[in-house]
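Participant: Model the structure of this input:
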Amino acid sequence: MKAAFWYGIRDVRIDEIPAPVVQPGMVNIKVAWCGICGTDLHEYMAGPIFIPDQPHALTHQQAPVILGHEFAGEVVEVGQGVTRVKVGDRVTVEPILACGSCIPCQKGLYNVCDTLGFHGLSGGGGGFSEFTMVKESMVHRLPDPMSYEQGALVEPAAVALHAIRTSKLKAGDSCVVYGAGPIGLLVIQAARTAGASRIIAVEVSEERQQMAKALGAHHIIHPLKENAIQAVHRLTNGGADICFEVTGVDRCLNDAIDCAKTDGQIIIVSIWEKQASIFPNNLVLKEREIKGVLAYRNIFPAVIDLISEGRLQVDQLITRKISLNDLTQKGFEELIRSKEHIKILVSPSLV
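Facilitator: Okay, here's the model as predicted:
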């Protein structure tokens, strides 16, 4: 089968490897669609970040590894002891790898496991391949109305919903979303679903500004054309209740802090390629709270329901579909060149 391996910065290769042989407790999936995640792009441009450069504690693999963790497909084989799914089921995959025994795992916080890994980043296979094998516990069935394309968007939507659930956002609150990329646009929708009364998007791309407005943002701020901090304080009468930082840019993080009201909260959703600097007094003097969130936990079924009910609109985020052979030039490189794309989906079966 064909699979896309990360070898180094801007070095992703399509290799031919044997298809996985199903093991007890495991499920073999024929991948229909896999999305290019911002994390994949970070790895492509500046990795390794999550990709292990020495054997990972859970997969015992290191680079080169197969990429792709936002995917859906058909179950084609199940291992001994598997009861939750059967051959022919349409599924999406929760790609978190956790040990199950560390203190965070024992508390149910498996998304911050001490030896955390991700299928499609840490070894053991990935969605940028024709077939991949995962644990039965990672598999979630898709309802009949949901397409495979929508199934591939469950994972990023789970990131957004987890960010909202982990925050202090309440119905009637105001919020700012810094960055209207795929996750930012999903955070906007999740905030709307949670009852936010005023959602402000801060974004420089005009295409993404328009998408943010269409998906529920009440106000759009172009930070290169106006002072975003002043604009937020004017629109919210003193600062937003919650600010979501979804850019991974130092300046945006600091602006997000200043956009929060006294006793407000800043949620960092993005993954960072390098260190950021903040002035702690901007938190201390206003008793603001800053909190990081990672991935998701115990949330895939709720996200699947929200998408299937149409309360999270993911189809509009898909701006291109390509084959696995085109992953580098029409996928990664295109996302670097152009901000007009939101989510590019990749199919291993397309020629």
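Participant: CA only for contacts and neighbour counts going forward, please
Facilitator: Will do.
Participant: got the contact list for the residue nearest to the spatial centre of the chain?
Facilitator: Centroid-nearest residue in the chain: Pro156, 3.4 Å away (criterion: C-alpha atoms, centre = their mean). Counting by C-alpha atoms under 8 Å, 6 or more residues apart in numbering, Pro156 touches 37, 70, 182-183, 186.
Participant: Strands of the stretch 51-200 of the chain, residue ranges please.
Facilitator: In the stretch 51-200 of the chain, strands defined by DSSP state E, counting those that start in this stretch lie at 65-66, 70-78, 90-93, 96-97, 117-118, 131-135, 139-141, 174-178, 198-202, listed in chain order.
Participant: Adding distance to Met211, mean pLDDT and mean neighbour count as columns, could you present those strands in CSV?
Facilitator: Formatted as CSV, the strands of the stretch 51-200 of the chain follow (distance: least, C-alpha to C-alpha, whole Å; pLDDT from 0 to 100; neighbours: other C-alpha atoms under 10 Å):
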stretch, distance to Met211, mean pLDDT, mean neighbour count
strand 65-66, 31, 98, 26
strand 70-78, 21, 98, 25
strand 90-93, 25, 98, 27
strand 96-97, 29, 98, 22
strand 117-118, 29, 98, 24
strand 131-135, 33, 98, 23
strand 139-141, 29, 98, 21
strand 174-178, 13, 98, 28
strand 198-202, 10, 98, 25
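Participant: Can you tell me which of those is nearest to Val314?
Facilitator: When these are compared by C-alpha to C-alpha, strand 70-78 sits nearest Val314, at 13.0 Å.
Participant: which neighbours does that closest one have in its sheet, and in what orientation?
Facilitator: strand 26-35 (antiparallel), strand 90-93 (antiparallel) (DSSP bridges).
Participant: Mind listing residues that contact the next helix or strand after the longest one?
Facilitator: Where DSSP states H and E defines the elements, the next helix or strand beyond strand 26-35 is helix 38-46. Outside of helix 38-46, the residues that reach it under the criterion C-alpha under 8 Å, 6+ apart are 6, 8-12, 49-51, 67-68, 271, 273, 332.
Participant: Contact partners for Val65?
Facilitator: 5-7, 51, 120-125.
Participant: Buried only: go through the contacts of Pro156 for me.
Facilitator: 37, 70, 182-183, 186 (16 or more other C-alpha atoms under 10 Å).
Participant: Go through those and say which is closest to Ser205.
Facilitator: Nearest to Ser205 among these, counting by C-alpha to C-alpha, is Pro182 at 12.7 Å.
Participant: What residues does Val82 make contact with?
Facilitator: 24-27, 136.
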